[in-house]
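Chemist: This is the structure alone, sequence omitted:
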């Protein structure tokens with residue numbers, strides 16, 4: 001009887017241990033890669049093409065991508081509340097499955113709107129990607145922001161060629 005009870009106990013423990021999900025899918029914002037792919041200054045506007053890639057194992061949804069030029073202050077810079085929204089060739093809402101990528105395009109009429117303003121930092125725009133992930137049937141929001149040193153980097157590239 002004891003042997004049977006002990007065997008039954010071991011089988012129950014093994015069954016419960018086997019049912020636990022050790023391979024949970026975890027979202028890390030580092031899995032979302034943001035990379036400048038093109039930067040062109042044109043007569044009427046400046047165009048930015050930025051690639052967003054999902055290197056993670058979780059689908060990201062409802063993506064919105066914004067670009068802004070930081071306001072120059074006496075102590076550095078501060079966030080600019082005015083943002084440009086990026087456009088992509090995908091239907092809305094934008095969804096990226098694991099391994100997928102998309103290109104966002106921004107057309108910024110800098111000269112037309114701001115002229116020769118020294119109040120904004122056009123050399124290092126800020127980008128902000130926000131969206132959601134699905135976790136246990138709930139949409140969980142996330143956001144990833146970063147600065148881009150576009151003009152300085154592109155000047156280095158063009159001077160080295």
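Modeler: Sure, I can see it. Nothing here was measured: the structure is a model prediction, and the numbers come from that model.

Chemist: Can you tell me the centre-most residue of the chain?
Modeler: The centroid of the chain falls nearest to residue 129 when counting by CA atoms, centre = their mean (4.3 Å).

Chemist: partners of the helix or strand hosting that one, with directions?
Modeler: For residue 129, the element it lies in under DSSP states H and E is strand 126-135. Pairing partners of strand 126-135, with direction, according to DSSP bridges: strand 60-68 (antiparallel), strand 138-147 (antiparallel).

Chemist: Pipe those strands into CSV and attach mean neighbour count and mean pLDDT per row.
Modeler: Glycine gets a C-beta too; all of them are placed from N, C-alpha and C. Output for the strands paired with strand 126-135, formatted as CSV (neighbours: other CB atoms under 10 Å; pLDDT from 0 to 100):
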stretch, mean neighbour count, mean pLDDT
strand 60-68, 19, 96
strand 138-147, 12, 93
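
Chemist: sorry, back to before: quick one, what contacts the residue nearest to the centre of the chain?
Modeler: Residues near residue 129 by CB atoms under 8 Å, 6 or more residues apart in numbering: 32, 34, 52, 63-66, 143-145.

Chemist: Please apply the same query to residue 85.
Modeler: With contacts taken as CB under 8 Å, 6+ apart, residue 85 has the following neighbours: 64-66.

Chemist: Next, residue 36: secondary structure please.
Modeler: When classified by DSSP: H, G, I helix; E, B strand; the rest coil, residue 36 comes out as strand.

Chemist: doesn't residue 47 make contact with it?
Modeler: No. With the criterion set as CB atoms under 8 Å, residue 36 and residue 47 do not qualify as a contacting pair; they are 11.3 Å apart.
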